[in-house]
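**Q** Test case, fold it:
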Amino acid sequence: MRKFLILLFLPTLILAQKPQDNRTTNIGRIGLTVNSYGQIGNGFNPSFWPSQPSCEFPIKPVRTRIEHLFNGGLWVGGYGKNGLSVTTATHDRYFASEFTQPPDQGLYERSSLLESRYYSPNAISHQDFYCDFTDTNTVNPLTGAPISGHYPLGVSVHMETYTWQYSIADNFVILNFTIKNVVDVPIESLYVGLVTDLVVRNTNYRFPAEGSVFYSGTGLGYIDSLRLHYAFDAENRPTDGPTDSYIGIKLLGTEPLLGGHLDSLNNYTVYQVWQFRASTGDPDLISPTNDQLRYDKMRNPFPKIKLQDLKRPGNRYTLLSVGPFPTLYPGDSIQVAFAVICAKKYGDDPQVDDTPISKKLLIESAIWAQKTYNGEDRNGNGILDLGEDLDGDGKITRFIFPTILPPPKVKAIPGDRKVEIYWDKSVEDVIDPVLNKKDFEGYRIYGTKTGFDIGLSTGEDAYILLAEFDKPGNDIGLNTGFSKIKLPEPIRFPDDTVKYHYKFTIENLLNGWQYIFGVEAFDEGDPINDIPSQSSVRVIRRVIPGTPATSDKSKEVGVYPNPYYAKAIWDGKGGERERKIYFYNLPRKCEITIYTLAGDIVDRFIHDADTYNGSDIQWFQTYADGTQKFSGGEHAWDLISRYDQAIATGLYLFTVKDLETGEIKRGKFVIIK
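**A** A predicted model of the protein is given here:
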């Protein structure tokens, strides 16, 4: 079911995009690099990584540096004008160059989110990437160099990737390939596959440059009923740091639907494995080095009797392929869709045991990815049955979700050891077009633990449920009602047209620490269609509690912590430039000057409560995202002088000049290193 929104007189702004060779998903919780040649991951190339993830999960609320993929790419094989050909986007440790595109082409982005700069009514998801490439060239159009060993099959490929920020979909990325015969001869016995080198490692502790010790610790598994293969950390040594994470690759479907039903598609799905660059040893693990050997891998499954051995640590490539397709005639196309899924290990069983309960979240996510692909085709039979054509266009609409509420509008105001959260009630009047009624149920408020951003808080989810409020008088939720949070009258804030109806205050916070708070709405669900209650997108706000701006002459300005000891608990991991102290009880607009005891100026800067958010120092550049909001009366300083040097141990003096009244206040602080 899709929630349909009719927009009248919506101005469409088409942004002139400069195509890029690669982009990284950042809407959901997976940071997956995708490029414009059918390749995923970035091979931990130091030109991109680690600032650009390869396949990092989770990346929110902060990056964890837990990686899951070295590289991967599309394989297309069959018999065409050159006989047998297998065109590859990657093999062994290298990205292949058999797929090419003109120099002015690349990867583009679009979004279904109205507020996105990439908004397009043609978008499928909250973040689409899309591109076109071909295997017909024998000379690379970008470099002019011959493509060694390449025998074109004669196909063009349109690739799209889809990512959402819904809680039920924020841990998978869908890859959708449309493959077209662009030559004048048919292509027979066509197979399509996705090759991946899955590597699950915590790169806070282990690094790709370490070689075998980094790459050789991954275990593999395959669930044929789900067309899902997966990988996990099969060593899980304490010195390697925790991962507790799975990555899975799932075949979602094909068009035409081989076998006529999704369950029958399992009979056309092939799972294969080979050892990295193996040329001797077990024949089933030999690395394929030519088109014939690659094609054999695409159509012959790995022996079931040896699947259990794959759970042991190793460095292996995996292939999930599907075929053979019916003869692909000139001008005709097929579609193949995969999902890249990441999920935390569930329960307390050791990761190395790979127990069924450990894969609970992975399997649930795989099922949601499949439901997303199925769209209107709920039963997966490849046709529209009675009641399935929700948009009335006479064809299957895929990549859609159960009805999900829009999020509320949220405002967060940090104060002294507290934050006040306000939100509106617009979501309560949304009518589900399928159920033909309002199905809003309630709100949930979440928050992060102190120190989540610098790794002081652990756990698979940095967010804690702080409160839940829902409608009374039904069998759903806690039936709390909204009296504890509803304002007597809705309020507005300056330069804000939203009417806020609810307020929730979180107290006993620590000033100077960064927190994230989120509000989401949730619905009643749809028991008739076996759809549980769903949450809206969680609206998050970053705040730093502290004293409000003040011109009260009786309030002394100050510094904390005072004294400051080097390597304070809230300091970052980046050395001298990720330290900080806070000036507090500041006027709304003021000038802060720091002196040595000899009267030399160490640093001088302006504080403006209306615009200041800490982004001038490295700590917030590293551990925040630019949206953080301060209380107005505090300013962070990184202990770096105006001459770009770290200050030494000692006693320092400071003045605060109110730029609106001219009043000057004085103070002092101690630095101990």
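
**Q** Got the domain ranges for the protein?
**A** With the TED database as the criterion, the domains of the chain are listed as 22-373, 410-544, 558-671.

**Q** Relative to D552, which of the ones you listed is closest?
**A** Distances from D552 to each of the domains of the chain were compared by CB to CB, and the smallest falls on domain 558-671, at 8.1 Å. Backbone N, C-alpha and C define where each C-beta goes, glycine included.

**Q** what about that closest one, average pLDDT?
**A** In this model, domain 558-671 has an average pLDDT of 96.

**Q** same thing with stretch 112-121?
**A** Stretch 112-121 comes out at a mean pLDDT of 90.

**Q** Buried residues in it, which are they?
**A** The neighbour-count check on stretch 112-121 (16 or more other CB atoms under 10 Å) flags 112-113, 116, 118-120 as buried.

**Q** Between the two ends of it, what distance do you get?
**A** Using CA to CA, to the nearest Å, one end of stretch 112-121 lies 6 Å from the other.

**Q** swap in stretch 33-51?
**A** Between the opening and closing residues of stretch 33-51 lies a distance of 11 Å (CA to CA).

**Q** cool, and stretch 259-272?
**A** With CA to CA as the measure, stretch 259-272 spans 21 Å from end to end.

**Q** and what of stretch 261-268?
**A** 11 Å.

**Q** Give me the contacts around that stretch.
**A** For stretch 261-268, the surrounding residues in contact (CB atoms under 8 Å, 6 or more residues apart in numbering) are 224-225, 227, 251, 253-254, 257-259, 322-324, 370, 374, 380-382.

**Q** Filter those down to the buried ones, PyMOL style.
**A** With 16+ other CB under 10 Å as the criterion, this PyMOL line picks the buried residues out of the contacts of stretch 261-268:
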select buried, resi 227+251+253+254+257+258+322+323+324+370+374+380+381+382
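
**Q** Lowest-scoring secondary structure element of the chain by mean pLDDT?
**A** Across the helices and strands of the chain, mean confidence by mean pLDDT, DSSP states H and E is lowest for strand 94-95: a mean of 70.

**Q** just how off-centre is whichever helix or strand comes after that one within its chain?
**A** Using DSSP states H and E, the next helix or strand after strand 94-95 towards the C-terminus is strand 108-110. Its chain's C-alpha centre and that of strand 108-110 lie 16 Å apart, by CA atoms, centre = their mean, to the nearest Å.

**Q** ok, strand 108-110: who's next to it in the sheet?
**A** strand 127-134 (antiparallel) (DSSP bridges).

**Q** could you point out which element follows the strand it pairs with?
**A** Beyond strand 127-134 on the C-terminal side, the first helix or strand identified by DSSP H and E is strand 155-163.

**Q** Helices of this protein, start to end?
**A** 212-215, 262-265, 291-299, 360-374, 618-623 (DSSP state H).

**Q** now these in CSV, with distance to I671?
**A** Supplementary listing: the helices of the chain in CSV, determined by distance: least, CB to CB, whole Å:
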stretch, distance to I671
helix 212-215, 39
helix 262-265, 65
helix 291-299, 63
helix 360-374, 46
helix 618-623, 16
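
**Q** Quick one: closest of these to H126.
**A** So among these, helix 360-374 is nearest, using CB to CB, at 12.3 Å.

**Q** The residue with the largest distance to the centre of the chain and A412: what is the separation?
**A** Of all residues in the chain, A598 sits farthest from the chain's C-alpha centroid, using CA atoms, centre = their mean; the distance is 51.3 Å. Noted for A598: a distance of 43 Å to A412, by CB to CB, to the nearest Å.

**Q** for S116, same thing?
**A** Taken as CB to CB, the span from S116 to A412 is 22 Å.

**Q** and what of F482?
**A** With the distance defined as CB to CB, F482 ends up 19 Å from A412.

**Q** ok now do S97, which residues does it touch?
**A** S97 neighbours (CB under 8 Å, 6+ apart): 37, 140, 147.

**Q** could you redo the last one with a cut-off of 7 Å?
**A** Residues counted as contacts of S97 (CB atoms under 7 Å, 6 or more residues apart in numbering) are 140, 147.

**Q** how close does it get to N379?
**A** Summarising the geometry, the distance separating S97 from N379, computed by CB to CB, is 42 Å.

**Q** What residues sit buried inside stretch 289-308?
**A** By 16+ other CB under 10 Å, the buried positions in stretch 289-308 come out as 291, 294-295, 297-299, 301-302, 307.

**Q** what pLDDT does T448 get?
**A** At T448, the predicted lDDT confidence score is 93.

**Q** ok, how many other residues are close to it?
**A** Neighbouring residues of T448 were enumerated by other CB atoms under 10 Å; the total is 22.

**Q** Next: P527.
**A** P527 has 11 neighbours, counted by other CB under 10 Å.

**Q** Then I485?
**A** By other CB under 10 Å, the burial measure for I485, its neighbour count, is 19.

**Q** Ok, G149 next?
**A** 10.

**Q** Repeat that for the one 3 residues further on.
**A** For P152, the neighbour count with other CB under 10 Å is 19.

**Q** do T25 as well
**A** Using other CB under 10 Å as the criterion, the residues surrounding T25 number 25.

**Q** you'd agree it is up against Q127?
**A** Yes - A contact is recorded between T25 and Q127 when judged using CB atoms under 7 Å, the distance being 6.1 Å.

**Q** Now do the shared contacts for these two.
**A** Counting by CB under 7 Å, 6+ apart, the contacts common to T25 and Q127 are T163.

**Q** just to revisit the earlier point, neighbour count for F482 and A412, which is higher?
**A** A412 (21 against 16).

**Q** hang on, the earlier thing: which one of the domains of the chain lies closest to I396?
**A** Closest among these, using CB to CB: domain 22-373, at 8.8 Å.

**Q** end to end, how far does that closest one reach?
**A** Across domain 22-373, first to last residue, CA to CA, it's 24 Å.

**Q** number of nearby residues for the residue lying closest to G83 once chain neighbours are set aside?
**A** Distances taken as CB to CB, 6 or more residues apart in numbering place Y151 nearest to G83, at 7.6 Å, with adjacent residues excluded. Applying other CB under 10 Å, we find 17 other residues in the vicinity of Y151.

**Q** Buried residues in stretch 369-378, which are they?
**A** Per 16+ other CB under 10 Å, stretch 369-378 contains these buried residues: 369-377.

**Q** Turn these into CSV, columns for distance to D135.
**A** Output for those, formatted as CSV (distance: CB to CB, whole Å):
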residue, distance to D135
A369, 28
Q370, 29
K371, 33
T372, 29
Y373, 25
N374, 30
G375, 29
E376, 33
D377, 30
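
**Q** And L8, what's its pLDDT?
**A** pLDDT, read off for L8, is 34.

**Q** meant to ask about D197, not that
**A** According to the model's per-residue confidence, D197 sits at a pLDDT of 96.

**Q** again with P532
**A** Predicted confidence (pLDDT) at P532: the value is 76.

**Q** Now do the contacts for it.
**A** The neighbourhood of P532, defined by CB under 7 Å, 6+ apart, consists of G525.

**Q** i'd like the first residue to be 48 from this point on
**A** Let's use 48 as the start, then, which means that last one is P579.

**Q** P595 versus that one, what's the distance?
**A** 42 Å.

**Q** and what of W96?
**A** Looking at W96 against P595, where the rule is CB to CB, the gap reads 42 Å.
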